[in-house]
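A.B. asks: please find the sequence and the predicted model below.
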Amino acid sequence: MSRYRFLAIFSFFILILDQSTKLYIDANFRLHESVPVIRGLFNLTYVRNKGAAFGILADSTVRIPFFITVSIVAMLGILWYIKQIREDQKLAILSLSLVFSGALGNLIDRIRLGEVIDFLDVFWGRYHWPAFNVADSAITIGVTLLFIEMWRTERNNSEKNSATANKEKES
């Protein structure tokens with residue numbers, strides 16, 4: 001399967017999951033309503049985030065054009081980069097597809113609502129991680145997988161270079 005077809009199909013499913021969960025939360029929860037899923041660890045809590053991660057730039061007057069521009073530039077960069085990588089770099093294609101679909105999901109919210117719907121609320125005692133959504137999860141998992149792929153590639157290149165250097169010394 002071509003990398004762009006994979007990106008399109010995979011992004012479609014992540015986008016459907018992201019937008020349908022956000023629509024469900026918006027239709028069935030009151031703002032700031034919280035429902036325990038795993039007591040003492042995980043709630044569904046309806047919040048809206050005007051900023052980026054951790055509410056960064058939430059009060060900025062240029063936040064909407066800034067976030068829309070950054071999202072579009074990131075997505076265009078991903079489309080360009082996917083063309084550059086080898087077809088056999090499946091993990092890189094998967095990770096970039098996750099980041100692309102997450103960026104698209106949050107971009108839709110920013111265009112439609114001027115903010116992002118978040119609802120996944122993870123905590124331990126009084127320590128709360130900021131609420132997030134499926135798109136945020138896709139971005140985080142995608143970036144993590146991309147770092148793993150980069151580390152694996154670097155390690156493999158180092159091993160090949162070492163093996164080549166050792167063969168040259170023996171000759």
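C.D. replies: Yes, it's here.
A.B. asks: list phi and psi for the residue nearest to the spatial centre of the chain.
C.D. replies: Most central in the chain under C-alpha atoms, centre = their mean is Ile139, positioned 0.8 Å from the mean C-alpha point. Dihedral pair for Ile139: phi -60, psi -50, per degrees, to the nearest 10.
A.B. asks: could you list the low-pLDDT ranges of this structure?
C.D. replies: Low-confidence segments of the chain, defined by pLDDT under 70: 1, 53-60, 163-166, 168, 171.
A.B. asks: need the strands for it, in chain order.
C.D. replies: Ranges of strands in the chain, per DSSP state E, are 34-38, 42-49, 116-124, 127-128.
A.B. asks: of all these, which one is nearest Lys83?
C.D. replies: Lys83 sits nearest to strand 116-124 of all the strands of the chain, at 28.7 Å, using C-beta to C-beta. C-beta here means a position set from N, CA and C on the backbone, and glycine is covered the same way.
A.B. asks: contacts for that closest one, please.
C.D. replies: Residues from elsewhere that reach strand 116-124 (C-beta atoms under 8 Å, 6 or more residues apart in numbering): 21-22, 25-26, 29, 34, 40-49, 106, 109-110, 128-137.
A.B. asks: list buried residues within those.
C.D. replies: Neighbour-count burial (16 or more other C-beta atoms under 10 Å) applied to the contacts of strand 116-124 gives 21-22, 25, 29, 43-49, 106, 109-110, 131-137.
A.B. asks: contacts only, for the closest residue to Phe100 other than its chain neighbours.
C.D. replies: For Phe100, ignoring the flanking residues on the chain, the nearest one in space by C-beta to C-beta, 6 or more residues apart in numbering is Ile78 at 4.7 Å. Contact partners of Ile78, counting by C-beta under 8 Å, 6+ apart, are Leu96, Val99, Phe100, Ala103.
A.B. asks: what about 7 Å?
C.D. replies: The contact partners of Ile78, by C-beta atoms under 7 Å, 6 or more residues apart in numbering, come to Leu96, Val99, Phe100.
A.B. asks: list just the nearest of these to Ser2.
C.D. replies: The shortest approach to Ser2 among the contacts of Ile78 belongs to Leu96, at 13.8 Å (C-beta to C-beta).
A.B. asks: how far away is the closest residue to that closest one other than its chain neighbours from Arg5?
C.D. replies: Excluding the flanking residues, the one nearest Leu96 by C-beta to C-beta, 6+ apart is Ile78, at 5.0 Å. According to C-beta to C-beta, to the nearest Å, Ile78 stands 15 Å off from Arg5.
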